[in-house]
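> Give me a 3D structure for the following:
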Amino acid sequence: MEGENEVEFPTLYPEDEIVIFTTSGSTGKPKMISKTHSQTTNYDMLPSGKTYNDRPFAWIAGSPTLTVYQGVPRVFCDSSIALEGHNTMKIWKVIKEEQCAWAILLPYFLSDLVAQEENYKDLFMLDVIYTGGQPVDNIHAKVVGVFTKSLGVIYGSTEEIFISILSPITTVAEMKGGDVGKPIPGIEVKIIDGNGNVLRKPENGELCIRSMYGFEKYYGNTGLTDRALLGGKWLLSGDIAHINEDNHIMLKGRMKDQIFRGTRKIMPNSIEEVIITKIGIQNVIVVGVPDKRLYEEICVCYVTDPEHDISPSDVKQFCLEKFLGHDAIDGLGEMPKYFIRFQKLSTLPNGKINRRQLRMDSIQQLKLADQMEG
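Sure thing, here's the model as predicted:
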């Protein structure tokens, strides 16, 4: 208009940086990762329609950039409300009143919904719920047919955004623990051993990722970037996985979460997925605690459903029936040594279980600080 100052907009290119995201900090101090216009807008993997998504704006899963360029209405509450656990049905009421078609809900929230299953009589269901960020199993899949028509799993990272998607399932029986589906178009994956050799199906090793949307660097940290990237721009994910015969990525856990009991390397999820099947166990996390003789021992941290009173002795007896200890061929086995009941498991701001804090809490309760190195 006349009299107004003219504004000169800058010339922009697809390779120009548009935003800097932070990682969740689940493996340590949060890292900063810059993304270009091209990297943040070349994704069209999720359904249309009004969605509920309470992930923080600073994280890739909650970025308003996706909402704006896709033009999809978004409903959300503060992330901390869902973390409190007792607001589950209040949030569900918001989802219903806003008539959302689908939602991104983390596994801990799905567990909270499942706990309300018997009391839920409403006919309202979402078309699909997408989840991820933590291991997903048949317990979480119980939301299907009650709160949602289908359940899909997204595997991604701030470095690579979307990596794979497990197509929505419509029955509980279809869910296989650790299955995060096939890589999306534009993503390459390979599994390597400790020497960098590519492994065959279905051997477990570290998952490496290469993308046309390409992770390039950690902002202001060239040293960390160099350690994360292999030749050919392959990114070390830090996840242990294998590729099954259907070309699905099957996650087994984090490299940093491995427990070194003597000469045996133990993945916590191999124990967690057994203990969670005990009736009355709401959540379980297995951590390694220091041991002067074996380097680490196995500690089970668990939370029960409110109506169940399950003692550490009860869980130990359950494990004695499921795991080998001294009777294992190497005399070590996977039988846990310690069992601790918690009222609530420590979480990060994004809702993921804070394994590092939980390990420290366990060490403190077990009075094992004197056995820590250093």
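
> Does anything pack onto the biggest helix by length in the chain? Which helices or strands?
The longest helix of the chain (DSSP state H) is helix 355-366. Judged by 3 or more C-beta pairs under 8 Å, 6 or more residues apart in numbering; DSSP states H and E, helix 355-366 is in contact with strand 281-291, strand 295-304, strand 338-341. Quick note: C-beta positions are derived from backbone N, CA and C, even for glycine.

> residues making contact with the shortest one?
In this case it means strand 338-341. 289, 297-304, 310-313, 315-316, 319, 362, 365-366 (C-beta atoms under 8 Å, 6 or more residues apart in numbering).

> Give me the buried positions along that strand.
338-340 (16 or more other C-beta atoms under 10 Å).

> Read off the pLDDT value for residue 303.
Each residue has a pLDDT score; the one for residue 303 is 95.

> same question for stretch 203-216, mean pLDDT?
The average pLDDT within stretch 203-216 is 89.

> Please identify the buried residues of the longest helix of the chain?
For helix 355-366, burial by neighbour count (16+ other C-beta under 10 Å) applies to 355-356, 358-363, 366.

> What of stretch 163-183?
For stretch 163-183, the neighbour count (16+ other C-beta under 10 Å) marks 163-166, 168-169, 172, 174-175, 177-183 as buried.

> those helices in the stretch 101-250 of the chain, which residues are they?
Using DSSP state H, counting those that start in this stretch, the helices of the stretch 101-250 of the chain run over 107-115, 222-228.

> So for residue 29, which of these sits nearest?
Nearest to residue 29, of all the helices of the stretch 101-250 of the chain, is helix 222-228, at 10.0 Å by C-beta to C-beta.

> Report all helices and strands that that closest one contacts.
Under the contact criterion of 3+ C-beta pairs under 8 Å, 6+ apart, helix 222-228 touches strand 234-243.

> could you give me the average pLDDT of the strand it packs on?
Strand 234-243 carries an average pLDDT of 94.

> helix, strand or coil for residue 260?
strand (DSSP: H, G, I helix; E, B strand; the rest coil).

> Could I get the contacting residues of it?
So, once contact is read as C-beta under 8 Å, 6+ apart, residue 260 ends up touching 266, 288, 295-296.

> Of the residues you listed, which is the nearest to residue 75?
Using C-beta to C-beta, residue 288 comes nearest to residue 75 of these, at 40.0 Å.

> Just give the number of residues close to that closest one.
Using other C-beta atoms under 10 Å, residue 288 has 22 neighbouring residues.

> Residue 345 falls within a helix, correct?
No. Under three-state DSSP, residue 345 falls outside any helix and is assigned coil.

> ok, for residue 276, nearest residue in space, not its chain neighbours?
Closest residue to residue 276 apart from its sequence neighbours, by C-beta to C-beta, 6 or more residues apart in numbering: residue 284 at 5.3 Å.

> Contact partners for residue 60?
21, 35, 156, 158, 161.

> so where's the stretch 201-350 of the chain shaky on pLDDT?
Low-confidence segments of the stretch 201-350 of the chain (pLDDT under 70): 326, 330.

> Now do the domain split for this protein, please.
Domain ranges of the chain: 17-254, 258-371, per automatic domain parsing.

> so which of those comes closest to residue 9?
Residue 9 lies closest to domain 17-254 among the domains of the chain, at 13.9 Å (C-beta to C-beta).

> Tell me the span between the first and last residue of that closest one.
In domain 17-254, first residue to last residue: 30 Å (C-alpha to C-alpha, to the nearest Å).

> Next, format the domains of the chain as JSON lines and append distance to residue 5.
Formatted as JSON lines, the domains of the chain follow (distance: least, C-beta to C-beta, whole Å):
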{"stretch": "domain 17-254", "distance to residue 5": "25"}
{"stretch": "domain 258-371", "distance to residue 5": "41"}
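
> Any idea how many residues pack against residue 130?
Neighbour count for residue 130, taken as other C-beta under 10 Å: 24.

> again but with residue 349, I slipped
15.

> Would you confirm that it contacts residue 82?
No. In terms of C-beta atoms under 8 Å, residue 349 does not count as a neighbour of residue 82; the distance is 11.7 Å.

> now the longest helix of the chain, how far from the centre of its chain.
20 Å (C-alpha atoms, centre = their mean, to the nearest Å).

> check contacts around the residue nearest to residue 193 when sequence neighbours are not counted.
The shortest distance from residue 193 to any non-neighbouring residue, by C-beta to C-beta, 6+ apart, is to residue 205 (5.0 Å). The neighbourhood of residue 205, defined by C-beta under 8 Å, 6+ apart, consists of 191-194, 199, 240-242.
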